[in-house]
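> Dropping a prediction and its sequence here:
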Amino acid sequence: MTYGELVDLVGWQDVVDILAVAVVIYYLLRLIRGTRAVQMLLGLAFLGAVYYFARAIELPTLERLLESLLILLPIAAIVLFQQEIRRALANFGRNPLWGFAKQQKVEKTFNEVVLAATSMASRRVGALIVLERLEGLRNYIENGISLDAVVTYDLLMNLFSPDTPLHDGAVIIQEDRIAAAACFLPLTFNPELSTELGTRHRAALGITEETDALAVVVSEETGQISVAREGVLSRDLDGKDLRNTLYDYLITDLYPRGPHRGGGRRGLSK
């Protein structure tokens with residue numbers, strides 16, 4: 001086949017179609033990279049491969065059994081990948097024109113959070129601060145005490161003071177506002193979690209398994225600062241590590257085209 005015949009056979013619509021499918025697959029793979037969805041996807045792919053193998057060598061009983069399972073595959077995919085689907089829709093619905101204004105608000109916010117967290121760590125004051133990213137946390141905000149106050153070091157220190165009525169539970173932050181305090185969060189059911197970790201750390205992991213939020217934990221027993229994201233806990237951070245981590249996940253990830261003044265570091269230990 002000559003080049004001219006190949007050009008006649010493959011039109012520009014076919015090229016666009018192939019590129020569009022490639023882009024969709026690329027972003028889907030990026031979306032599930034590093035999550036538990038990868039193992040689930042491999043399991044589903046294995047079932048599909050076994051089904052076609054059973055058809056090829058004519059194993060009717062196994063073929064019918066797997067056929068019954070594959071009929072339920074669309075529903076199973078929605079259930080298994082609900083967090084990833086929700087996150088993808090939130091990404092698609094984000095307006096890029098809002099990015100720079102939000103970036104400035106968020107950067108001021110986490111500077112206050114870093115200052116408060118390091119101060120509470122030095123005093124062994126326990127704290128759990130959840131920072132909203134793309135997915136809304138309204139359900140969790142409504143079960144706490146509504147505040148709608150600007151995020152400041154002094155307010156955070158006061159909220160988590162052991163003598164105040166709102167020190168139990170989590171503080172939830174939306175952009176530059178403290179939306180609510182004394183919020184109850186879902187606890188993780190991860191069986192591999194260390195028994196050394198208390199309720200605050202389990203709640204931090206729980207909320208980050210359910211949503212794309214970021215959770216900062218200060219341990220009152222050890223004074224260690226930890227950050228939870230996507231069900232993974234990065235422990236024993238100092239002020240610089242904390243600021244870099246927050247910058248990475250609240251600025252670099254969400255507003256990649258904005259100006260980066262601080263630079264971040266990833267790959268912190270669990």
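Happy to help now that I have it.

> Longest helix of the protein, counting residues only.
helix 99-122 (DSSP state H).

> by contact count, what packs against it?
In terms of contacts (3 or more C-beta pairs under 8 Å, 6 or more residues apart in numbering; DSSP states H and E), helix 99-122 is packed against strand 127-131, helix 153-159, strand 214-218, strand 225-229, helix 239-247. For the C-beta atoms, the positions are set from N, CA and C on the backbone; glycine is no exception.

> Can you give me the buried ones in the last one?
Same thing as helix 239-247. Asp241, Leu242, Arg243, Asn244, Thr245, Leu246, Tyr247 (16 or more other C-beta atoms under 10 Å).

> Just the CA trace of it, in CSV.
Taking Å, rounded to 0.1, in the frame of the first residue of the first chain, the C-alpha atoms of helix 239-247 are listed here in CSV:
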residue,chain,number,x,y,z
GLY,A,239,7.3,22.9,59.4
LYS,A,240,9.2,23.0,56.1
ASP,A,241,8.0,19.5,55.1
LEU,A,242,4.4,20.4,55.9
ARG,A,243,4.5,23.6,53.9
ASN,A,244,6.0,21.8,50.9
THR,A,245,3.5,19.1,51.1
LEU,A,246,0.5,21.5,51.3
TYR,A,247,2.0,23.5,48.4
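
> angle of that helix against helix 99-122?
Per axes from the mean of the first three to the mean of the last three C-alpha atoms, to 10 degrees, the angle that helix 239-247 makes with helix 99-122 is 150 degrees.

> So which residues of the stretch 151-270 of the chain form strands?
Remark: strands assigned in the stretch 151-270 of the chain by DSSP state E, counting those that start in this stretch are 170-174, 177-183, 214-218, 225-229, 232-237.

> Of all these, which one is nearest Tyr52?
Nearest of the strands of the stretch 151-270 of the chain to Tyr52, taken as C-beta to C-beta: strand 232-237 at 35.0 Å.

> Paired strands for the closest one, with orientation please.
Strand 232-237 pairs in its sheet with strand 225-229 (antiparallel), by DSSP bridges.

> what pLDDT, on average, does the strand it pairs with get?
Across strand 225-229, pLDDT averages out at 94.
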